[in-house]
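Undergrad: generate coordinates for the sequence data below:
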Amino acid sequence: MENYLPQEYKDKLCPSYRQKLKKLEEEFSATEDLKERQQLLESFSEEFIMPRQLWDELIRLSKTYFTVLAI
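TA: Alright, predicted model coming up:
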């Protein structure tokens, strides 16, 4: 997930928000489970404004998860 947001972008963020993103990245990278990754992003989006790249990933995960369920 670290590749979704360039370091230059992160450097411009408020330090507390940057810490929240770092925690999200660590939790996201710690699991391979699609549903868990989707839930991590959904939870984050309920509390914080989420960068477009993370919304794109959430949408991709949602499509992938529902495609897997349909099979």
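Undergrad: lowest-confidence helix or strand of this structure?
TA: helix 52-70 (a mean of 82; mean pLDDT, DSSP states H and E).
Undergrad: below-threshold pLDDT in this protein: ranges please.
TA: 1-2, 65-71 (pLDDT under 70).
Undergrad: any chance you could map the helices in it?
TA: 7-11, 15-29, 34-47, 52-70 (DSSP state H).
Undergrad: may I see the ones you listed arranged in JSON lines, with mean neighbour count as well?
TA: C-beta coordinates here come from the backbone N, C-alpha and C atoms, glycine included. JSON lines is the format used below for the helices of the chain (neighbours: other Cβ atoms under 10 Å):
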{"stretch": "helix 7-11", "mean neighbour count": "10"}
{"stretch": "helix 15-29", "mean neighbour count": "14"}
{"stretch": "helix 34-47", "mean neighbour count": "15"}
{"stretch": "helix 52-70", "mean neighbour count": "13"}
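Undergrad: contact partners for the closest residue to Pro51 other than its chain neighbours?
TA: The spatially closest residue to Pro51, leaving aside those adjacent along the chain, is Leu5, at 6.0 Å (Cβ to Cβ, 6 or more residues apart in numbering). By Cβ atoms under 8 Å, 6 or more residues apart in numbering, the contact set of Leu5 is Leu21, Pro51, Gln53, Leu54.
Undergrad: closest one of those residues to Leu41?
TA: Among these, Leu54 lies closest to Leu41 (Cβ to Cβ), at 6.0 Å.
Undergrad: now do the same contact list for that closest one.
TA: Counting by Cβ under 8 Å, 6+ apart, Leu54 touches Tyr4, Leu5, Leu41, Phe44, Ser45.
Undergrad: out of the residues you listed, which comes closest to Cys14?
TA: Closest approach to Cys14 among the contacts of Leu54 (Cβ to Cβ): Leu5, at 14.0 Å.
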